[in-house]
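Asker: Quick one: sequence plus predicted model below, questions after.
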Amino acid sequence: MKKVFKNYIFMYISIFLPKLLSFLFLTPFLANTLGLVGNGIASYTYSIINWAILIATFGISTYGSKKIAESKNNKDEMNINFSSILTLQIILHIIILILYLIFIVVSNVDYKSILLVFSILLIFDSIDIGWFYSGNEEFKILAIQNLVYYFITFILMILFIKGENDAFKYALITCTSKIFSILYQFIILFKKYKISNFKIDKLTYHFKNTFIFFIPNFFISIYTIFDQIMLGSMSNTSNVALYGRAESYVKLFTEMLMLVGTIILPRFSNLHKTNQKKEKEYFNKTLNFLLMFSIPLCFGIIATSKSFISWYLPSDFSEVANLIILLSPITIFITAGNIFGNYLMASDNINKYTKSLVLSALINFIINLLFIKYLGAYAAVISTVISELFVSIYLLAFVKKIKILDIKFNNILNYIISSIIMFILVFSLSNILKSSAISTIIEVITGIVVYFGMLLVLNKLNFKIKEKC
């Protein structure tokens, strides 16, 4: 458990901290410089290349991590897996790059010059070996790599983004940062690891198995990436900007909790083969931890969003606050669904996980197709919430069926009661205080103190009741 906690700290530093800094400083900077339209163009074009990258990656980031984790005790087998999977990754990226370039040339898509620049991301993603370090639980390396990426991005954006017509520069800067982060990966690879037995072996085998992991990622992308593409195509880029800001705000904190799932997956894979009793213990401890933080996070976001957005973003982004309130329940749905899904993947029950995502993506796509034209960003929010709720309920039903779930209902009840009391106090405070950075800090600190204070009180009450019984 000590190593898991250490890995979590490294992943927190690498993913959450840079995003938090970007959220606090870079996002409002871009909102004021690029404006609503410029942000919409940047988000829309980035979502297109992101979808191309996801297809090209073909589930390798998850599958590769799993295979490296399973073979890390046998260096020869690990080296062969590494070289074969990397070769497959490069081949798939070349195919998707060709299709992506054809799409830019022959389609009527807007902002072709920006999309062409973004193709650099696809090229360098072909040699992204983050899955190798993840499988070896080398999260310190990934931490430094992500810090390099985000801080280079941050500095270059501040220096070169000056107005609403700088979406092209935004694309160039994003690609430049990616290049430096990939170079760092390979410097460490050749310095720390001796990759011998470089054999292009079992490509067909890896392709078939990777495809199983690609399906979940593809259908997840329907309501994490493709919804922005649909917004940009069926509505306008302003709606993309509004939805993008709301989604990034809610998912910023959700991703902090999802890191637990990212870190625990290699451990689940290993324990499933060696110690299933300990695997069950890890599963329930992790789920309890996620619920303890995701439930109050949902209530806290609702309580503070309007007062926060009023000073954080320009007035033309004011609608973001309402979108955030509607989107906030996904903090609970995503974190629970994430741990359920990671367990199913590690325990070779990926078909159940895939089925839930297929149905969820279908629901999401239909809602967006029917209502984006009329409701704009609100349709994307509603479809995302319904989709994430469906996934979490479907997976919960299966997890209960295989009898690995062993979490106390009293714990969940305590989290909900404490969160409701915290919400009432923080929401009242937000209506009294004048909106500012200081008032938001006061609201957040108050919420944390009240929530954990109430948990202590309720736990003591439960303990006394048990003693009397």
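Answerer: Everything's here; your move. Numbers count the residues shown, from 1 in each chain.
Asker: okay, CA-based contacts and neighbour counts for the rest of this
Answerer: Will do.
Asker: Can you give the contact residues for the helix or strand where S428 lies?
Answerer: With the criterion set as DSSP states H and E, the secondary-structure element containing S428 is helix 409-432. Here helix 409-432 makes contact (C-alpha atoms under 8 Å, 6 or more residues apart in numbering) with 288, 291-292, 295-296, 299-300, 303-304, 307, 439-440, 443-444, 446-447, 450-452, 454-455, 458-459.
Asker: at 10 Å instead, please
Answerer: Residues outside helix 409-432 that contact it (C-alpha atoms under 10 Å, 6 or more residues apart in numbering) are 288, 291-308, 439-440, 442-459, 462.
Asker: which ones are touching N322?
Answerer: If you count contacts by C-alpha under 10 Å, 6+ apart, N322 has them with 246, 302, 305-306, 309, 378.
Asker: so how far is whichever helix or strand comes after the helix holding S428 from its chain's centroid?
Answerer: The element immediately downstream of helix 409-432 (helix or strand, assigned by DSSP H and E) is helix 437-468. Centroid displacement of helix 437-468 relative to its chain, using C-alpha atoms, centre = their mean, to the nearest Å, is 28 Å.
Asker: in helix 437-468, what counts as buried?
Answerer: Of the residues in helix 437-468, those buried by neighbour count under the rule 16 or more other C-alpha atoms under 10 Å are 439-440, 443-444, 447-448, 450-452, 454-455, 458.
Asker: Take these and write them to TSV, including distance to L54 and pLDDT.
Answerer: Written out in TSV, the entries for the buried residues of helix 437-468 read as follows (distance: C-alpha to C-alpha, whole Å; pLDDT from 0 to 100):
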residue	distance to L54	pLDDT
S439	40	94
T440	36	94
E443	38	95
V444	35	95
G447	37	95
I448	37	95
V450	41	95
Y451	38	95
F452	39	94
M454	43	93
L455	41	92
L458	45	87
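Asker: Would you mark the buried spots in the helix holding S428?
Answerer: For helix 409-432, the buried set under the neighbour-count rule, 16+ other C-alpha under 10 Å, comprises 411, 414-423, 426-427, 429-430.
Asker: try stretch 281-297
Answerer: By neighbour count with 16+ other C-alpha under 10 Å, stretch 281-297 contains the buried residues 282-284, 286-288, 290-297.
Asker: can you map out the helices along the stretch 301-450 of the chain?
Answerer: 320-327, 330-346, 350-375, 377-401, 409-432, 437-468 (DSSP state H, counting those that start in this stretch).
Asker: if we can go back for a sec, what angle separates the helix holding S428 from helix 437-468?
Answerer: Compare the direction of helix 409-432 with that of helix 437-468 by axes from the mean of the first three to the mean of the last three C-alpha atoms, to 10 degrees and you get 150 degrees.
Asker: The spatially most central residue of the chain and Y12, how far apart?
Answerer: With distances taken as C-alpha atoms, centre = their mean, the residue of the chain nearest its centroid is E255 (5.0 Å). As for E255, its distance to Y12 is 9 Å (criterion: C-alpha to C-alpha, to the nearest Å).
Asker: Break the protein down into its structural domains.
Answerer: Residue ranges for the structural domains of the chain, counted by automatic domain parsing, are given in the record as 1-211, 223-407.
Asker: Could you say which one of the ones you listed comes nearest to S435?
Answerer: Distances from S435 to each of the domains of the chain were compared by C-alpha to C-alpha, and the smallest falls on domain 223-407, at 5.2 Å.
Asker: First-to-last residue distance for the closest one?
Answerer: End-to-end distance of domain 223-407 (C-alpha to C-alpha): 29 Å.
Asker: Tell me how far it lies from the chain's centre.
Answerer: Mean-position distance between domain 223-407 and its chain equals 8 Å (C-alpha atoms, centre = their mean).
Asker: what is the mean pLDDT for it?
Answerer: Taken as a whole, domain 223-407 has a mean pLDDT of 85.
Asker: returning to what we had before: now distance to D110 too, for the buried residues of helix 437-468, in TSV please.
Answerer: What follows is the buried residues of helix 437-468, written out as TSV (distance: C-alpha to C-alpha, whole Å):
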residue	distance to D110
S439	41
T440	39
E443	42
V444	41
G447	44
I448	45
V450	49
Y451	48
F452	50
M454	53
L455	52
L458	56
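Asker: and which of those is nearest to L26?
Answerer: Distance from L26 was checked for each of the buried residues of helix 437-468 by C-alpha to C-alpha. The minimum falls on T440, at 18.2 Å.
Asker: Please name the residues that touch the residue nearest to the closest one when sequence neighbours are not counted.
Answerer: The spatial neighbour of T440 that comes closest, neighbours along the chain excluded (C-alpha to C-alpha, 6 or more residues apart in numbering), is F308 at 6.2 Å. For F308, the set of contacting residues under the criterion of C-alpha under 10 Å, 6+ apart consists of 301, 321, 430, 435-437, 439-441, 443.
Asker: Quickly note the distance from F308 to K434.
Answerer: 10 Å.
Asker: overlap in contacts of those two?
Answerer: Residues touching both F308 and K434 by C-alpha under 10 Å, 6+ apart: T440.
Asker: Report the contact partners of the closest residue in space to Q145 that isn't next to it in sequence.
Answerer: Nearest non-adjacent residue to Q145, counting by C-alpha to C-alpha, 6+ apart: S181, 5.3 Å away. By C-alpha under 10 Å, 6+ apart, the contact set of S181 is 124, 128, 142, 144-150, 152.
Asker: Go through those residues and say which is closest to Q89.
Answerer: Proximity of these to Q89 was ranked by C-alpha to C-alpha; the top entry is D128 with 8.9 Å.
Asker: Give me the phi and psi angles of that closest one.
Answerer: D128 adopts backbone torsions of phi -80, psi 120, taken as degrees, to the nearest 10.
Asker: hang on, isn't it packed against F82?
Answerer: No. At 11.9 Å, D128 does not count as touching F82 under the criterion of C-alpha atoms under 10 Å.
Asker: Give me the more crowded residue out of those two.
Answerer: F82 (25 against 21; other C-alpha atoms under 10 Å).
Asker: Surely that one and I129 touch.
Answerer: Yes. Taking contact to mean C-alpha under 10 Å, the distance of 8.9 Å between F82 and I129 places them in contact.
Asker: Overlap of the contact sets of those two?
Answerer: Residues touching both F82 and I129 by C-alpha under 10 Å, 6+ apart: 64-65.
Asker: which one of the contacts of F308 is nearest S43?
Answerer: Each of the contacts of F308 was checked against S43 using C-alpha to C-alpha; the closest is A321, at 18.4 Å.
Asker: residues of stretch 157-175 that come out buried?
Answerer: So for stretch 157-175, counting by 16+ other C-alpha under 10 Å, buried means 157, 161, 164-175.
Asker: can you tell me which of the residues you listed are in helices?
Answerer: Secondary structure assignment by DSSP state H places 157, 167-175 of those in helices.
Asker: which residues touch F299?
Answerer: Taking C-alpha under 10 Å, 6+ apart, we find F299 in contact with 325, 328-329, 331, 416, 419-424, 426-427, 447.
Asker: Same question for I301.
Answerer: I301 makes contacts with 249-250, 253, 308, 321, 324-325, 327-329, 331, 423, 427, 444, as judged by C-alpha under 10 Å, 6+ apart.
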